[in-house]
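Visitor: Predicted structure and sequence below. I'll ask about it afterward.
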Amino acid sequence: MRSNEQQQRQRPIVVPGEYVGDSRFHIPGLNVYRLSDRMLATTVGLVRTDGKRVDVVALKSFYQPKAGDLVVGIVREPGTAGWTVDINSPFLAFLPLSEYPEKRIRLTRDSMGRVLEAGTVLTGLVKDASIFSSPVLTLKGKGLGVVSNGFLLSITASKVPRLIGKKGSMLSTIEKGANVKLTVGQNGRLIVHSEDLNVVMKVREVIGMIEKESHVYGLTERVEALLTGRRL
Amino acid sequence: MGEHVVLFNEDGSRTDGRGLDELRPIRIKVGVLSNAQGSAYIEQGKNKILAAVYGPKEALPKHISLPDRCILRCRYHMAPFSTTERKSPAPSRREIELSMVLRNALEPLVMTSLFPRTVIDIFIEVLQADGGTRCAGLTAAVLALADAGIPLRGLAAACAVGKADGKVIVDLNDLEDKYGEADMPIAYNPTLDGITLLQMDGIMSKEEVEQALSLAITATQKMHKMQVDALRERFSVQRRET
């Protein structure tokens, strides 16, 4: 009985090509396109509107970098003037030598590889991003740099806002409930700063729940219940 | 003298018991491969087909990339065990042609200008074939693209119509495809009210083609509804009774 009730309290899902509004009265927003007077969804997602603009929040999407995004990247290859970094987007990002915090690095392929070798995990900021060129990263900033311990988990990039919550409420709930510090990248990767496997597994379970149920009402309560072991 | 193959029963139904405009039983599941960005599996009659989508990702080597849009690469392949006689795993001329045809059919649906310099790889693998595999493969590939979160103008479904023993029929099986008089695969997008794949093999009169087109649109609209249900099921929460 409870499962039917909760099923009904899911927000309705739209699919590509589905009608979401009339363009004579609304403005097409995210993941919405206009076809004469009709506004249609381009991805599977949930409709969100403020009365004027209509968006479709995608339930699954790939990460498209924007300037100012905090990302968790994995170094792919050292180059001569920087490093290519996998940031879980269609394009490999580039971390130029000038954006690496330490100075006095000799510009040879070997020395670049010794500073940041392939497979190194780091947190960086997207300095510049356009669809016509590779995103550029920087490690200059507070809290940015190589991640030396912890566990790397991932979530669909479009669910990151849900993971963080309004003014960080969901993230704070998870950190308090699991007693752990998390670094969440906008690219859907996050670092769990803990060596305790039980904590990591708990956080992974929470992320799985957010991934599957982000569009169901009452998610924050269920996450709290999962973390505290309380029954709803 | 070739032997005459019976394509209809005495009561007028087709050899598998279907009516002239009836589809084969269809089962669709979206999100079946965890390695792929998007995937779908379809069973249509005895056809069993997997579709997987990887991307969008950086187009390498760089010279194949386009500066203003994404490239689609499509591979249609029949597994060696998919047919009654073993099929060579090497791509046949038919598979190369169908790969191109399916890519051309999928391209108008994808908003390729949103991610320039990238490539999307689409794989359609036929595990068991019984006629109409390109249509079932396209139906699954569209769902795999939607499952990957790639922006689409709409969903398209495909179905083959044709003629057997002078009668226009829908969703030909292998026997009807081989021994019938005409076979016309069609992919239709209800959102844009447009046909994105149309091929013809055989002989039909103008009136028969019009009738076949009309039947195909009705059939693909039914399939479109199944696609929508499959996508909603994929993203809905399944709860167990506590």
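Guide: Done, it's in.
Visitor: Pick out the residue nearest the middle of chain A.
Guide: Centroid-nearest residue in chain A: A:G188, 2.9 Å away (criterion: CA atoms, centre = their mean).
Visitor: ok, and the closest non-adjacent residue to it?
Guide: A:A157 (3.8 Å; CB to CB, 6 or more residues apart in numbering or on different chains). Backbone N, C-alpha and C define where each C-beta goes, glycine included.
Visitor: Look up how far A:T173 lies from that neighbour.
Guide: According to CB to CB, to the nearest Å, A:A157 and A:T173 sit 21 Å apart.
Visitor: Comparing these two, which shows the higher neighbour count?
Guide: More neighbours surround A:A157 than the other of A:A157 and A:T173, with 24 against 17 (other CB atoms under 10 Å in any protein chain shown).
Visitor: Looks like the more buried one contacts A:Q186 (just checking).
Guide: Yes. Using CB atoms under 8 Å, A:A157 makes contact with A:Q186 at a distance of 7.1 Å.
Visitor: measure whichever residue of chain A sits closest to chain B to A:S194 for me?
Guide: Residue of chain A nearest chain B, by CB to the nearest CB: A:G17 (2.8 Å). Distance check for A:G17 against A:S194: by CB to CB, it reads 44 Å.
Visitor: Quick check: end-to-end length of stretch A:51-63?
Guide: End-to-end distance for stretch A:51-63, by CA to CA, to the nearest Å: 27 Å.
Visitor: do it and chain B meet at all?
Guide: Yes. With CB under 8 Å from any CB of the partner chain as the criterion, chain B is reached by stretch A:51-63 at A:58-62.
Visitor: so what's residue 185 up against?
Guide: You didn't pick a chain, so chain A it is. A:69-73, A:87, A:123, A:160 (CB atoms under 8 Å, 6 or more residues apart in numbering or on different chains).
Visitor: my question was about chain B
Guide: B:132, B:134-135, B:158-160, B:197-199.
Visitor: Now the phi/psi pair for it, please.
Guide: For B:P185, the backbone dihedrals are phi -70, psi 140 (criterion: degrees, to the nearest 10).
Visitor: for A:A157, same thing?
Guide: According to degrees, to the nearest 10, A:A157 has phi -60, psi -30.
Visitor: closest point of chain B to chain A, which residue?
Guide: B:G154 (2.8 Å).
Visitor: The helix or strand harbouring A:I210 and chain B in contact?
Guide: Assessed by DSSP states H and E, A:I210 sits inside helix A:197-213. Yes. Contact of helix A:197-213 with chain B (CB under 8 Å from any CB) involves A:212-213.
Visitor: List the contacts of that helix.
Guide: By CB under 8 Å, 6+ apart, helix A:197-213 touches A:151, A:153, A:155-156, A:159, A:162-163, A:170, A:174, A:178-180, A:182, A:190, A:192, A:194, A:219, A:222-223, A:226-227, B:237.
Visitor: what about 6 Å?
Guide: Under the criterion CB atoms under 6 Å, 6 or more residues apart in numbering or on different chains, residues A:151, A:153, A:155, A:159, A:162-163, A:174, A:178, A:180, A:192, A:219, A:223, B:237 lie in contact with helix A:197-213.
Visitor: How about the residues of chain B by chain A?
Guide: B:56-58, B:115-116, B:118, B:146, B:149, B:151-152, B:154-155, B:191, B:228, B:231-232, B:235, B:237, B:239, B:241 (CB under 6 Å from any CB of the partner chain).
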